[in-house]
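Q: Have a look at this fold, sequence not included:
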């Protein structure tokens with residue numbers, strides 16, 4: 001599959017990193033105390049990504065940044081969901097984000113306090 005760097009799916013990140021660490025699916029699944037067939041489904045992006053806890057455990061076993069792995073899985077922090085539910089302006093802003101152009105989003109990211117190193 002020909003992809004740009006950083007565009008791997010969640011499952012591809014798990015599979016690529018697992019193989020780079022020299023682990024089989026069975027070995028990683030055993031460490032995580034999950035069935036290896038479930039890990040196979042995760043790596044092949046079949047079904048929804050696992051829950052936050054398992055994603056954090058995967059990150060720990062594979063030496064990945066848990067927050068970046070949660071992002072790759074499309075997980076939204078519960079605090080953000082709660083904020084959007086309790087603050088109307090936040091909810092409106094979040095609804096506008098998908099309609100913004102990439103340059104508009106980058107401008108928002110650059111001006112955001114406490115922004116990460118890479119938007």
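A: Received the coordinates, thanks. Please read these numbers as outputs of a predicted model, since none were measured by experiment.
Q: Tell me how the chain divides into domains.
A: Here the domain parsing of the chain from automatic domain parsing is 10-72, 78-111.
Q: can you list the ones you listed in JSON lines and add mean pLDDT and mean neighbour count?
A: For every residue, glycine as well, the C-beta is placed using N, CA and C. Converted to JSON lines, the domains of the chain look like this (pLDDT from 0 to 100; neighbours: other CB atoms under 10 Å):
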{"stretch": "domain 10-72", "mean pLDDT": "96", "mean neighbour count": "16"}
{"stretch": "domain 78-111", "mean pLDDT": "91", "mean neighbour count": "11"}
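Q: could you say what helices and strands the helix or strand encompassing residue 110 packs with?
A: For residue 110, the host element (DSSP states H and E) is helix 102-111. Using 3 or more CB pairs under 8 Å, 6 or more residues apart in numbering; DSSP states H and E, no helix or strand is in contact with helix 102-111.
Q: Give me the pLDDT for residue 113.
A: According to the prediction, residue 113 has pLDDT 84.
Q: What's the local residue count around it?
A: 4 (other CB atoms under 10 Å).
Q: where does it fall, helix, sheet strand or coil?
A: coil (DSSP: H, G, I helix; E, B strand; the rest coil).
Q: which residues touch it?
A: Residue 113 makes contact with no residue, according to CB atoms under 8 Å, 6 or more residues apart in numbering.
Q: which phi and psi does the nearest residue to residue 9 once chain neighbours are set aside have?
A: Once flanking residues are discounted, residue 9 sits nearest to residue 45: 5.1 Å by CB to CB, 6 or more residues apart in numbering. Dihedral pair for residue 45: phi 50, psi 40, per degrees, to the nearest 10.
Q: who touches residue 45 in this structure?
A: 9, 10, 11, 12.
Q: For those, work out which two are farthest apart.
A: 10 and 12 (7.3 Å; CB to CB).
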